[in-house]
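Novice: Any chance you could fold what I've pasted below:
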Amino acid sequence: MKFRSVAASSLLILAAFATVSTSATDLQNNGNTAFEEFEATYGSDYDHTHCLGRSPGGGSDVCIMWKINKEQEQIELAVLAGASGWVGFGLSIAGGMPGSDMMIFEAKTPETVSDYTAVAYAKPIRDACASDWKMKGSSVVKDGFLAVRVTRALDTNDSQDLPFVDDEDIFGTPSTAIIAAWGDDKETGLSYHGSNVARSTVRFFEDSSTTVSAVEAVPTASDTKAMLEDMSDGSIMIFDTDYPIPTAETTYYSPCFNASDYFTAEQMEKGVYLIGAEYLSSVEAGGNDNTVHLHHMGASVGFTTCASTDPTSSGQDMIYSWAPGTHPMAFPPNAGIRVGGGNGVMSFGMNIHYDNPNGIDGMLDSTGNRWYYVNDPREHEVGQLTVGDAIVALRGVSVGAGQTGHDFTCPGTCSEKLFDGPVTVFSEGLHLHETGVRIVNELVRNGEVVNRATVDYFDFRQNGINAIRQKPYTVYPGDSFRTRCYFDNADNSTTFGFGTREEMCQSLLLYYPSNRNNGRGYCAPKDWLGACTASYDGMFTSDGSFDRLYGVPPEKCPLSDNDSEPDSKSGRVTKSLTVALLSVSSLAIAIM
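Specialist: From the prediction side, this is the model:
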């Protein structure tokens with residue numbers, strides 16, 4: 001059973017509704033006897049252990065142990081916390097509270113666990129249906145230590161539960177975002193957590209024999225980074241030392257770097273192959289920490305050298321995009337991007353969006369990215385396609401006041417132009433800014449939707465480019481894309497544009513095989529894009545639900561009998577005692 005510890009990089013803020021202690025217990029490193037006893041007794045029942053800590057330096061305030069039972073389609077999970085009152089653990093769409101699915105255990109009711117949904121930075125809502133988490137054996141309640149063992153179906157078919165998506169494929173499926181919170185109030189139970197929060201990412205379905213590096217200070221996909229380091233023949237760091245951040249509120253900085261400055265003449269003649277990339281912080285590059293002023297960073301490649309008259313990365317193809325919450329990226333084993341070799345990449349670029357609303361002067365930044373490469377050829381060339389409003393053609397157009405939506409359609413003529421045959425999309429990231437609340441990108445074939453990528457609760461503070469947890473899918477020439485973006489704007493002042501307080505609506509796709517001779521992969525409502533000119537269907541008014549699918553109480557509980565009905569007082573759905581006992585074991589059902 002392997003162990004990883006990942007610290008929280010940001011704190012989740014809730015509307016305060018009680019007070020708790022902010023004490024924390026490092027379960028793994030302080031010789032916690034209760035933790036050691038639990039691990040000795042039950043550790044062999046699980047395949048994985050993963051700990052989360054609120055401290056920037058690491059720690060293990062909450063640990064989870066789990067095992068995936070594919071035959072029974074369920075997860076067996078243990079949650080352990082250095083707390084006395086309660087602990088909550090959950091899956092999250094974007095990495096924060098909005099759009100999260102939580103299991104909460106309280107010391108005052110040691111024989112039960114409860115199922116909650118969070119749709120905002122506020123107290124979570126108890127699910128309408130009876131808890132889908134089932135107790136396994138008894139819990140452990142001691143001063144400073146809580147532990148509970150539970151099971152749940154991987155997919156409950158409940159609109160207030162997030163499914164456990166098969167995330168074993170490290171090349172095509174992002175790891176799963178998880179969050180935790182805890183408190184010491186034994187009498188009140190669930191209450192405001194203060195700073196007792198942590199977030200991280202894990203791969204619930206990964207092979208139990210996989211070896212993973214141990215501690216990381218930020219919740220990135222450490223398994224991806226470790227794999228890239230192991231598979232690659234080397235890496236290069238692209239950054240500009242001590243760039244002076246302008247005092248303007250919004251600045252786009254797009255430097256260009258010749259590939260020949262990073263690879264030998266022999267490598268450029270023979271060719272090397274890029275296999276992945278990751279964000280390189282200014283601190284890692286030897287500079288100052290200016291992360292708070294970074295809106296996003298894009299890493300691009302060009303097939304000509306940097307022009308002496310215009311030493312920028314304009315005209316390059318964006319391959320890797322980073323925003324808060326974005327993980328390292330690894331290409332599939334059969335795909336890469338050739339550098340050199342006669343017709344490969346000749347230059348690298350970055351497009352860095354700096355946000356300096358207070359006009360602070362004198363800040364220097366060395367933000368960049370790291371490219372991993374191998375010497376042996378890869379079978380397929382990787383390409384990129386951005387749909388929605390890929391080039392922000394609507395800049396200056398109002399998003400609209402209140403709750404609105406905007407539709408874009410990338411026609412089948414675009415895929416016919418770009419693709420020589422079927423291509424495989426292995427990465428898809430959806431992008432909005434601060435007033436964006438939901439985004440959907442659909443692949444349409446012969447009038448039918450064959451793939452739908454959705455972020456029901458978009459939260460730029462947690463994840464600016466939300467990678468979709470889905471299997472790789474095939475796009476055929478003639479297929480089209482429909483992109484719909486929802487916004488919640490208090491007035492009519494927000495417009496589409498490049499600034500932090502402006503808006504975008506984009507889906508960024510990576511695919512193989514690519515034939516770059518067919519043109520660049522940008523689809524937007526601009527006539528000069530020819531076959532890739534998107535149609536803009538205008539603004540529409542949305543209701544308060546934004547057409548969300550997750551978090552909406554179901555009209556009827558999954559697998560329930562006809563005698564299930566909503567409780568008129570609480571809104572929860574109650575079941576007959578017989579049905580309840582059939583669906584829940586070792587759990588006392590409280591009819592509220």
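Novice: where exactly do the strands run in the stretch 251-400 of the chain?
Specialist: In the stretch 251-400 of the chain, the strands defined using DSSP state E, counting those that start in this stretch lie at 256-258, 272-280, 294-302, 317-322, 329-330, 335-339, 347-355, 364-365, 368-374, 380-381, 383-388.
Novice: same for the last one, what does it pack against?
Specialist: The one in question is strand 383-388. Where contact means 3 or more Cβ pairs under 8 Å, 6 or more residues apart in numbering; DSSP states H and E, strand 383-388 is packed against strand 317-322, strand 402-410, strand 480-489, strand 506-512. (Glycine included, C-beta is placed from N, CA and C.)
Novice: chain center to that strand: distance?
Specialist: Remark: strand 383-388 is offset 19 Å from the chain centroid, using Cα atoms, centre = their mean, to the nearest Å.
Novice: Give me the contact list for that strand.
Specialist: With contact meaning Cβ atoms under 8 Å, 6 or more residues apart in numbering, strand 383-388 is reached by 317-319, 408, 410, 418, 423, 441, 481, 483, 485, 504-516, 521-524, 534.
Novice: now swap in stretch 256-268 and tell me
Specialist: Contacts of stretch 256-268 (Cβ under 8 Å, 6+ apart): 236, 238, 272, 302, 305-307, 311-313, 316, 339-341, 345-349, 375.
Novice: Buried members of those into ChimeraX, please.
Specialist: With 16 or more other Cβ atoms under 10 Å as the criterion, this ChimeraX line picks the buried residues out of the contacts of stretch 256-268:
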select :236,238,272,302,306,312,313,316,339,340,345,346,347,348,349
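Novice: Find the residue closest to residue 38 in space, skipping its chain neighbours.
Specialist: Leaving aside its chain neighbours, residue 38 sits nearest to residue 147 (5.1 Å; criterion: Cβ to Cβ, 6 or more residues apart in numbering).
Novice: Could you say which helix or strand holds the one you found?
Specialist: Element membership of residue 147, judged by DSSP states H and E, is strand 145-153.
Novice: Sheet partners, orientation included, of that strand?
Specialist: strand 74-81 (antiparallel), strand 134-135 (antiparallel), strand 140-142 (antiparallel) (DSSP bridges).
Novice: what about the last one, average pLDDT?
Specialist: When pLDDT is averaged along strand 140-142, the result is 90.
Novice: Then the shortest one?
Specialist: Here strand 134-135 scores 94 as its mean pLDDT.
Novice: Now do the same contact list for residue 421.
Specialist: 476, 477.
Novice: let me redo that: residue 277
Specialist: Contacts here follow Cβ under 8 Å, 6+ apart; on that basis residue 277 touches 299, 319, 320, 328, 329, 369, 370, 371, 372.
Novice: Which of those residues sits closest to residue 172?
Specialist: residue 329 (11.1 Å; Cβ to Cβ).
Novice: Test of understanding: give the bridge partners of the closest one.
Specialist: With DSSP bridges as the rule, residue 329 is bridged to residue 277.
Novice: My guess is it contacts residue 278. True?
Specialist: Yes: counting by Cβ atoms under 8 Å, residue 278 is a contact partner of residue 329 at 7.1 Å.
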